[in-house]
Structure formats: structure tokens, C-alpha cells
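K.L.:
next comes the sequence, and after it the predicted model I'd like to discuss.
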Amino acid sequence: MWQWRVAVLAGLTTAALGVWGAFASLRQRRIEHRWKQAELGKTILDELFADAFARDACYMLDVVRRRYPALEAKDKTVSREEVLAALRLAQQRAERRARQPALDDLSDKHIFICDCFDVFFYRLNRLEHFIETGLVRFDDVITPLEYYAERIRPDRDVFTTHMMFFQHERAVKLLRRYWDPRPRGAIRRVADAFR
């Protein structure tokens, strides 16, 4: 009879150790997955700032007026007002092109500004896609993009209109995460209960 008890005890111990091992393995996989998410977020941000056009768009958001050596124009200085004007003009030109032949009303400076922001918005689109699919968490990319989202906020109507017109909807969605942050998890459920 004691042999039967020892066999049962050994079986239960083996089963418990197997369950514990499975949970430890699952926990380790979650940690590794989370690490990979954070690493991918950092890689995407590094790529964004390594891209010359996207980086110049960030500079245009960051300073009121700056020289851009890559700009193929006599006047290599771009101001915040010129950025807003270029984004508006590009949209107006695209709308006119749908109704009549294209006009040569965009200067080299306008084209440079639009190219920079289109690359920047493309990269934001891509980042939002990765967040939506769960490859990256928003928390991993909050910084430093929150700074640029705040720089866009005062003129967000111009930027949003441009992004929507040129099919950068996910970039708009990403920026709205910064402009309209909502509490996450349990705090969100409590906040929603009082709405």
C-alpha cells in the first residue's frame, strides 16, 4: 500500500513540476515578446530620425526658421509659415489637378517641404500600423514623438487636412493618441463609467 502512495505522490510531484515549468516558460516567452516589442519600437524611431527627409521635417517643427543645405533653391531657409503654406498649397494643387491640368505653382522650396513631411507622415503611418497590430506598444514610442505632436498641435487643422487628403490617416490617428490621451486599463474603465 505504501508503494502505491509513493507512486501517486511521485506522479503528483512530476505533474506539479511540469505545470510550474510550463508557467515559467510562458512567463519567459512573455518577457521576451515584450522585449522584442520595445526593441522594434526603438528601431522604428531610430529609422525615422535616420531618414534625412523625416529628420528635416522634425527640424521644421522644432524651429521657427532654419537653413536646409539639402534644399535645392537659392534661399535655403524655411520658416514655420512657409511650412504651413506649402502644405496648404500642395493640397490645393492636388485638388485642382483633379479638375484641370497641373499648374507649376509649387517652388523647389514647397516641393522640399512637402517631400519632408510626406516621408515623416509615412513613417508615422507605419508606426501606427505596428501599434494597431500589436507589434509595438504606444508606450514604447511616446518619447520623443510627444514633443513633435505638441509642436503640430497649434496648427493641427492644417497638418490633419494635409495628412487626410494624402492618405496618411494612420498618422492622424497616431497624433490623436498624443492630443487626446485616455487613461488605460482599470483607470479607463472607471473613467468610462462616469461618462
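P.N.:
Everything's here; your move.
K.L.:
would you map the strands across the chain?
P.N.:
65-67, 77-79 (DSSP state E).
K.L.:
pLDDT of the first one, averaged?
P.N.:
For strand 65-67, the mean pLDDT works out to 92.
K.L.:
what residues does it touch?
P.N.:
Applying Cβ atoms under 8 Å, 6 or more residues apart in numbering, the contact partners of strand 65-67 are 59-60, 76-80. For every residue, glycine as well, the C-beta is placed using N, CA and C.
K.L.:
dump stretch 112-122 to PDB, restricted to CA.
P.N.:
The C-alpha coordinates for stretch 112-122 follow below in PDB (Å, rounded to 0.1, in the frame of the first residue of the first chain):
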ATOM      1  CA  PHE A 112      11.200  70.100 -50.500                       C
ATOM      2  CA  ILE A 113       8.900  70.900 -47.500                       C
ATOM      3  CA  CYS A 114       6.100  68.500 -48.800                       C
ATOM      4  CA  ASP A 115       8.600  65.700 -49.500                       C
ATOM      5  CA  CYS A 116      10.000  66.000 -46.000                       C
ATOM      6  CA  PHE A 117       6.600  65.900 -44.400                       C
ATOM      7  CA  ASP A 118       5.300  63.100 -46.600                       C
ATOM      8  CA  VAL A 119       8.200  60.900 -45.600                       C
ATOM      9  CA  PHE A 120       7.600  61.900 -41.900                       C
ATOM     10  CA  PHE A 121       3.900  61.100 -42.200                       C
ATOM     11  CA  TYR A 122       4.600  57.800 -44.000                       C
END
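K.L.:
show me what stretch 123-131 is in contact with.
P.N.:
40-41, 44-45, 47-48, 51, 54, 136-138, 141, 145, 168-171, 173-175.
K.L.:
all helices of the protein, in order?
P.N.:
With DSSP state H as the criterion, the chain has helices at 2-50, 52-62, 80-99, 108-133, 138-152, 156-165, 169-179, 185-193.
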